[in-house]
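Q: Return atomic coordinates for the entry below.
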Amino acid sequence: MNAPALVTSPATERFRVIDRCAINALLDELACYPKPGLVSFVDSGSHDDMSAATFLRSIEALRGYFAQMAAAGADDASFRELNVIGRTAEARMFDATGGRNTHRGAVFSLGLLAGAAGRRTRTQKGAGSGVCEVVGRRWGEEILAVARTAKDTSHGDLVRRRYGANGARDQAAAGFPTVREHALPAYRQVREQASNPSAAAVHALFAIMAALEDNNLLYRAGPEGLDYARTAASGFLSRGGMIQKDGHAQADAIHRRFVAYNLSPGGAADLLAATLFVVAWEQEAF
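A: Numbers count the residues shown, from 1 in each chain. Sure thing, here's the model as predicted:
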């Protein structure tokens, strides 16, 4: 079921463009391969309960949500108001996937970035990674305040209590530093040298994996699994990543090992979608 249509306004087309950028980012993240342990059109990675078809249903259910978040951001909505919109979209996702968590993290992170993009359209043209900082400046304190009082049972919250690890809320409150400082530079490096968006996305994913304290990895495999994944990603990047001649084959071999060990860097996948949204939004001008 799609989100209700937006009320027509002079800014509606801009919000629709933001929605399209976010939906395309999710589609591009799904199409990206090799992604260690993650679902793609090639295989289901370390997930035996979902497939690319599950993700496509989820993405379709989210169509229109990001435009709503953009409109709310343009209206200077509080985080609590944005959270209500996000929870409704999350329910549509679960309904479309039969209760499977395909995009809960993306609903949160990408939704906030869409809200920030909407907020920026009020006063200026252009876009870019500045939307990351907008999230931290406008909603960061409230995100952390809500997190302190939330009684959630998500994997991220369980990992936070067990290991003291940071999660998606901390990334958002800080303005998505992993996206700004690691993923975007890695993506642009490959685009400049190879002009291949798919290879650039894989390279960016490995840069995220090397830097991120991924709660999904911690939940599935504990600190040992996280350390293994970060070491594998760092080693791949140190050898040149997707710029090296056999980069695709090396990434594919790492993917196979992740599947064998049942590892899945879901937090990194969410930040890859956020990165691809920023890249798409950088190309838009109003």
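
Q: going forward, measure contacts and count neighbours with C-alpha atoms only.
A: Will do.

Q: Just the terminal-to-terminal distance for stretch 114-133.
A: Chord length of stretch 114-133, first to last residue, is 12 Å (Cα to Cα, to the nearest Å).

Q: Name the SS class of the closest residue to L271 other than its chain neighbours, please.
A: Closest residue in space to L271, ignoring its immediate chain neighbours: V179 at 6.6 Å, by Cα to Cα, 6 or more residues apart in numbering. Here V179 is recorded as helix under DSSP: H, G, I helix; E, B strand; the rest coil.

Q: contacting residues for V179?
A: With contacts defined as Cα atoms under 8 Å, 6 or more residues apart in numbering, V179 is in contact with 208, 271-272, 274-275.

Q: out of the residues you listed, who has the most neighbours?
A: Tallying neighbours with other Cα atoms under 10 Å puts L272 at the head of the contacts of V179, with 31 neighbours.

Q: dump the residue contacts of A273.
A: The neighbours of A273, taking Cα under 8 Å, 6+ apart as the test, are 22, 25-26, 28-29, 106, 110.

Q: so how far is L110 from the residue nearest to L271?
A: Here the distance between V179 and L110 works out to 12 Å (Cα to Cα).

Q: intersection of neighbour lists for those two?
A: Among the neighbours of V179, those also in contact with L110 (Cα under 8 Å, 6+ apart) are A274.

Q: right, and E133 touches R180 too?
A: No - taking contact to mean Cα atoms under 8 Å, the distance of 9.0 Å between E133 and R180 leaves them out of contact.

Q: The two - which one has more neighbours?
A: The neighbour count for E133 versus R180, taken as other Cα under 10 Å, is higher for E133 (20 against 17).

Q: mind checking the SS state of that one?
A: At E133 the chain is in helix, as set by three-state DSSP.

Q: How about it: what's its closest non-neighbour residue?
A: The spatial neighbour of E133 that comes closest, neighbours along the chain excluded (Cα to Cα, 6+ apart), is G175 at 4.4 Å.

Q: The one you found - how many residues pack around it?
A: G175 has 24 neighbouring residues, counting by other Cα under 10 Å.

Q: That one: what secondary structure?
A: With three-state DSSP as the criterion, G175 was assigned coil.

Q: OK, contacts around it?
A: By Cα under 8 Å, 6+ apart, the residues touching G175 are 132-137, 140.

Q: Now which of those would you call buried?
A: For the contacts of G175, burial is judged from neighbour counts taken by 16 or more other Cα atoms under 10 Å, and it is met by 132-136, 140.

Q: Noted, bye for now.
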